[in-house]
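**Q** The sequence and its predicted three-dimensional model are supplied below.
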Amino acid sequence: MKSRIIPYQPHLKQLARQLRNNSTLAEVLLWNELKGKKLNGYDFDRQKPLDAYIVDFYCK
């Protein structure tokens with residue numbers, strides 16, 4: 001299946017990076033369980049800009 005690009009507002013990219021670098025303890029603990037396709041092989045992204053929003057966790 002071909003990947004499609006999800007539109008986002010470019011100014012949110014830097015904000016998403018800042019959020020990733022300043023995570024709460026709960027986000028860090030959850031991310032440790034989600035990263036590396038540990039959850040049934042699903043691939044997650046963290047602090048992903050989507051349209052006019054930034055989602056904390058996104059499953060591709």
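**A** Sure thing, it's come through.
**Q** isn't there a helix covering Glu33?
**A** Yes: residue state for Glu33 (DSSP: H, G, I helix; E, B strand; the rest coil) corresponds to a helix.
**Q** Okay, it and Ala16: tell me how far apart.
**A** Counting by C-beta to C-beta, to the nearest Å, the gap from Glu33 to Ala16 is 20 Å. For the C-beta atoms, the positions are set from N, CA and C on the backbone; glycine is no exception.
**Q** Counting neighbours, go ahead and name the busier of the two.
**A** Using other C-beta atoms under 10 Å, the more surrounded residue of Glu33 and Ala16 is Ala16, with 19 against 10.
**Q** State the distance from the spatially most central residue of the chain to Pro7.
**A** By C-alpha atoms, centre = their mean, the mean C-alpha position of the chain lies nearest to Arg46, the distance being 2.1 Å. Distance, Arg46 to Pro7, by C-beta to C-beta: 19 Å.
**Q** Then Phe57?
**A** Distance, Phe57 to Pro7, using C-beta to C-beta: 19 Å.
**Q** out of the two, which sits in the busier spot?
**A** Taking neighbours as other C-beta under 10 Å, Phe57 and Pro7 compare with Phe57 leading, 13 against 9.
**Q** what sits against the residue nearest to that one when sequence neighbours are not counted?
**A** Excluding the flanking residues, the one nearest Phe57 by C-beta to C-beta, 6 or more residues apart in numbering is Phe44, at 5.5 Å. Contact analysis of Phe44 by C-beta atoms under 8 Å, 6 or more residues apart in numbering lists Leu34, Lys35, Phe57, Tyr58, Cys59, Lys60.
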